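Colleague: for reference, the sequence and a predicted model appear below.
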Amino acid sequence: MPKFAANLSFLFTELPFAERFQRAAAAGFAGVEYLFPYAWPAGEIAGWLAEAGVEQVLFNLPPGDWGAGERGLACLPARRGEFAESVEQALDYALQLDCRRLHCMAGLRPAGVSESELDATYIANLRHAAERLATIGATVTIEPINSRIDMPGYWLDDIGQALRLLDAIGCDNVKLQLDLYHAQIIQGDLARTLEANIERIAHIQVADNPGRHEPGTGEIHYPYLFALLDRLGYTGWVGCEYKPLTTTEAGLGWLRP
């Protein structure tokens, strides 16, 4: 079986954020991820990680004004300066949390901007992020997110588009983050997608479809895919970014085998 990380933005949410680290460790998780750490001082989070004995495996760069509906800055031509500032903030947190994998959200498609300008902005921003984060040995991930159900208007909503952008960016420390829930909605054919791109994948996330609940509640045959990841020699983390049907612990039966 691969190694699994609890996404603390989705799991154990009945608890205050600071208490979720210990609960994740007690449930058997050796790593944690979440959307954003910036509402808490990095030193406090580092203490929670140490007390629980878990590894910080991933978090996102600042996304702009999340509460107002923004979902990333990387493709937005008018926000280049803010994006550069967000990279520095993320780098500081990554150092203090000993995290070497950061996801860069693309953002919602802005009105009145050509596809070529969006491409150029995104490529330039990712190259900048890659250069800065390479100074601490970190990898930047890009993730196709479905724009049909979960994030309407999201610009990077196709796996082929993400692979093309990876080629254009051309940096060794920019990799694909493949959320199998989103990939199922975008195009399906998950096994072939993994087989064709395993060397370009730095992080995987899971949830079942429909509903975005735990593996085993929907149409995705996760036992086959986990075995496939083992056969392909995938040594990265698999983030559990799903909404439990009841409680987190009650829904962990899929993990025990």
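Modeller: Perfect, thanks for sending it.
Colleague: which residues sit against stretch 105-125?
Modeller: With Cβ atoms under 8 Å, 6 or more residues apart in numbering as the contact definition, stretch 105-125 has outside contacts at 60-61, 63-64, 69-80, 83, 104, 142-143, 151, 153-156, 165, 168-169. All C-beta atoms are positioned from the backbone trio N, CA, C, and that covers glycine.
Colleague: keep only those of the residues you listed that are in strands.
Modeller: Within these, residues falling in strands by DSSP state E are Asn60, Ile142.
Colleague: show me which of the contacts of stretch 105-125 are buried.
Modeller: Among the contacts of stretch 105-125, those buried by neighbour count (16 or more other Cβ atoms under 10 Å) are 60-61, 63-64, 70-76, 79, 83, 104, 142-143, 151, 154-156, 165, 169.
Colleague: among those, which lie within helices?
Modeller: Among those, the members falling in helices (DSSP state H) are Phe83, Leu165, Ile169.
Colleague: next, the contact list for the second one, please.
Modeller: Read that as Leu165. Applying Cβ under 8 Å, 6+ apart to Leu165 gives the contacts Asp119, Tyr122, Ile123, Leu126, Ile142, Leu156.
Colleague: what do you get for Gly253?
Modeller: Going by Cβ under 8 Å, 6+ apart, Gly253 touches Gly216.
Colleague: how much space separates it from Ile136?
Modeller: From Gly253 across to Ile136, the span is 38 Å (Cβ to Cβ, to the nearest Å).
Colleague: repeat that for Asp230.
Modeller: Distance of Asp230 to Ile136, computed by Cβ to Cβ: 30 Å.
Colleague: same deal with Met151?
Modeller: 29 Å.
Colleague: what about the closest residue in space to Cys99 that isn't next to it in sequence, helix or strand, and which?
Modeller: Take Cys99 and drop its neighbours on the chain: the residue closest to it by Cβ to Cβ, 6 or more residues apart in numbering is Gln56, 4.2 Å away. Element membership of Gln56, judged by DSSP states H and E, is strand 55-60.
Colleague: now Ala130: which helix or strand?
Modeller: Assessed by DSSP H and E, Ala130 sits inside helix 115-134.
Colleague: ok, back up a step: and the strand holding Gln56, what other elements does it pack with?
Modeller: Here strand 55-60 touches strand 3-7, strand 31-33, helix 42-52, helix 80-97, strand 101-103, strand 237-240, going by 3 or more Cβ pairs under 8 Å, 6 or more residues apart in numbering; DSSP states H and E.
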